[in-house]
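Novice: coordinates only, sequence not included:
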């Protein structure tokens, strides 16, 4: 009974997510869905990514939080278009919430839409929003056992950013275990080791994202 | 429509949780529901609590994970009765899952049942399991803004353990902000600053738990 309900919700969500994706494709906007546990460094990564790529791409941001608008205020300070979604208790963004933000953006003048999901290593992975790529962060203090314990998000993501590598010596983070465990779930997963505090390793992420957007745009030109 | 579904699930869960609670009361077993983000230190706290209190109380553990039994294996090494719940994708424990474990324990020879929930700062707070107290961990790398962003769990909990205080200097954790923000949501919340790595501050937690169990047992004797 309970499983049927969940299935129906997911089916309905997939339909809306596919509509969102068709809309984004039409507008040639590349969309990422950024996910992690609370406090892994999502908003700081968004800030760093904006600062690195804003000369090259026109960027906008959707901030997803249960309540409040602290994260959106941080993005607004960078003079980047941002819409805050308050889920009002819900533990993830879904396709319909994203659709509700459409009036808030000028999609004809946009290349990249960064969507920051609610901090949660479980539920957001189940709900498509119309993204081109799911990007996830695992921070070193969380531990290297997390791929084995929360496999769905590692399986669904295109990129894993292992963040807070500056803290790795203090938390005995086992990079090899994390990599092997993540790749056992998802052999295609790109893994970058970064610190949003020291900027260490972020260039690899910027290069991956730049290439992904350019490849998407080239594909849309042909179409 | 979606909200109605959630309400029905929560109502059904509350009924089962209340039945569990009546059973635990009858058996004079004090039950805690331990919750946090992934990697905040739940299992290590359970281990430390067992080692500190096993001479005084008869303890058992329920480990909740989406899959795998790594945490239960850690508890089993301490020769403590443990049952692993695999939620099979679900992001929280619920009353019925707890009820399903009853055959695995000898409740007549038990004082304390520690239930470790799935790592998730959102959903577990919505689902009662029949516990006497919800206990939550916030680890310093997650940041002091978490009470404002994930208020329900802070509102529902009796105790907040701020863990990994050994990392606080490296992550600029603002203890005052965390305390004020948590108490704004829940003025009754007991807050202990601890490190499960150095054992710093853990004595306060052991003292609180000991007093809570003894008070519960005294109340049941009278009844």
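Specialist: Now that the structure is in, tell me what you want to look at. Every value quoted in this text rests on a predicted model; they were computed, and no experiment measured them. Residues are numbered from 1 along each chain as shown, chains lettered A, B, ... in the order given.

Novice: what angle sits between the biggest helix by length in chain A and helix B:2-26?
Specialist: Assignment by DSSP state H gives helix A:2-26 as the longest helix of chain A. For helix A:2-26 against helix B:2-26, the angle by axes from the mean of the first three to the mean of the last three C-alpha atoms, to 10 degrees is 140 degrees.

Novice: name the helices or strands packed onto the following helix or strand past helix A:2-26?
Specialist: Going down the chain from helix A:2-26, the next helix or strand is strand A:30-36, by DSSP states H and E. Judged by 3 or more C-beta pairs under 8 Å, 6 or more residues apart in numbering or on different chains; DSSP states H and E, strand A:30-36 is in contact with helix A:2-26, helix A:42-53, strand A:112-116, strand A:133-139, helix A:202-222. From N, CA and C alone the C-beta is placed, and that goes for glycine too.

Novice: let's see it at 6 Å
Specialist: If you count contacts as 3 or more C-beta pairs under 6 Å, 6 or more residues apart in numbering or on different chains; DSSP states H and E, strand A:30-36 packs onto strand A:112-116, strand A:133-139.

Novice: So what are the sheet partners of the last one and their directions?
Specialist: This points to strand A:133-139. Using DSSP bridges, the strands paired with strand A:133-139 are strand A:30-36 (parallel), strand A:159-163 (parallel).

Novice: now for the very next helix or strand once past that strand, which elements pack on it?
Specialist: Using DSSP H and E, the helix or strand that follows strand A:133-139 in sequence is helix A:146-149. Applying 3+ C-beta pairs under 6 Å, 6+ apart, one finds that helix A:146-149 makes contact with helix A:175-185.

Novice: for the helix it packs on, which positions count as buried?
Specialist: For helix A:175-185, the neighbour count (16 or more other C-beta atoms under 10 Å in any protein chain shown) marks A:178-179, A:181-182, A:185 as buried.

Novice: swap in stretch A:18-30?
Specialist: In terms of neighbour count (16+ other C-beta under 10 Å), stretch A:18-30 has its buried residues at A:20-21, A:23-25, A:27-30.

Novice: do stretch A:160-176 as well
Specialist: Of all the residues in stretch A:160-176, those buried under the rule 16+ other C-beta under 10 Å are A:160-168, A:170-171, A:173.

Novice: Run through who's touching it.
Specialist: A:41, A:136-141, A:144, A:182, A:189, A:191-198, B:167, B:170 (C-beta atoms under 6 Å, 6 or more residues apart in numbering or on different chains).

Novice: For that stretch, give the distance from the opening residue to the closing one.
Specialist: Start-to-end span of stretch A:160-176 (C-alpha to C-alpha, to the nearest Å) is 14 Å.

Novice: With stretch A:194-209 instead?
Specialist: With C-alpha to C-alpha as the measure, stretch A:194-209 spans 14 Å from end to end.
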